[in-house]
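Colleague: Have a look at this prediction, sequence included:
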Amino acid sequence: MHKAPAAVTIANVTTILAVRSGGSVALGGDGQVTLGNTVVKHNAIKTRRLHDGKVLAGFAGGTADAMTLLDKFEGMLKKAQGNVAKAAVELAKEWRTDRFLRRLESLLLVADKERTLLISGQGDVIEPDDGVVGIGSGGPFAVAAARALVKHTKLGPAEIVKEALEITAKICIYTNTQFEIEVL
């Protein structure tokens, strides 16, 4: 009997990390794009500047899904006159309840000068207690490394993000060393 080929699964196979410290915030991610167990791109950019450069955003998950969500978030940011928290809550509500958006598989990290938020399709809008948050398959590794660096070094947020992503790339097979890091 002939078997159909297995479907290619696309999951949150990346690493996006945000670190807030000393009055600034850095958000960075790796550049690897994977289909199943094959790397198909090495230098994708998974971070964006939104709202005239005043808001940073990063995504893990399906790229088309993430682009749709980032566009939606940017529209809500404009409507909320740059209020990141309000735009995040509105996106999470719509993402959870809209029949089309509900099917999108991605996670977003967004940050402005005041706050950093993780937004999910489950209706979550989470602000980390310690200013460190990560998403994607390498997220937990990057968060652990960043927390240690925040606690035991004098490095700034951008340097912490870079070092934590370097450590993660040595552990997570879905994270490479082609980093894009943005700072506010």
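Modeller: Yep, it's here.

Colleague: what's the average pLDDT for stretch 145-154?
Modeller: When the per-residue pLDDT values of stretch 145-154 are averaged, the result is 97.

Colleague: do stretch 61-80 as well
Modeller: Per-region confidence: stretch 61-80 scores 89 on mean pLDDT.

Colleague: Can you name the element that comes right after the helix ranked longest in the chain?
Modeller: Using DSSP state H to define each element, the chain has its longest helix at helix 63-79. Toward the C-terminal end, the helix or strand that comes next after helix 63-79 (DSSP states H and E) is helix 84-97.

Colleague: Trp95 contacts Arg103, correct?
Modeller: No: under the criterion of Cβ atoms under 8 Å, Trp95 is not in contact with Arg103, lying 10.0 Å apart. No exception for glycine: its C-beta is placed from N, CA and C like everyone else's.

Colleague: Let's test this: name the helix or strand in the protein with the lowest mean pLDDT.
Modeller: Of all the helices and strands that make up the chain, the one with the lowest confidence by mean pLDDT, DSSP states H and E is strand 33-35; it has a mean of 87.

Colleague: Now that strand: buried residues?
Modeller: Using 16 or more other Cβ atoms under 10 Å as the test for burial, strand 33-35 gives Val33, Thr34.

Colleague: do stretch 168-184 as well
Modeller: Judged by neighbour count using 16+ other Cβ under 10 Å, the buried positions of stretch 168-184 are Thr168, Ala169, Cys172, Tyr174, Thr175, Asn176, Gln178, Phe179, Glu180, Ile181, Glu182, Leu184.

Colleague: now the end-to-end length of that stretch.
Modeller: 23 Å (Cα to Cα, to the nearest Å).

Colleague: Show the average pLDDT along it.
Modeller: In this model, stretch 168-184 carries a mean pLDDT of 96.

Colleague: Can you pull out the residues in contact with that stretch?
Modeller: Applying Cβ atoms under 8 Å, 6 or more residues apart in numbering, the set of residues contacting stretch 168-184 from outside is 13-15, 17, 24-32, 34, 39, 42-43, 45-47, 49, 54, 56, 111-113, 136-138, 141-142, 145, 157-158, 161-162, 165-166.
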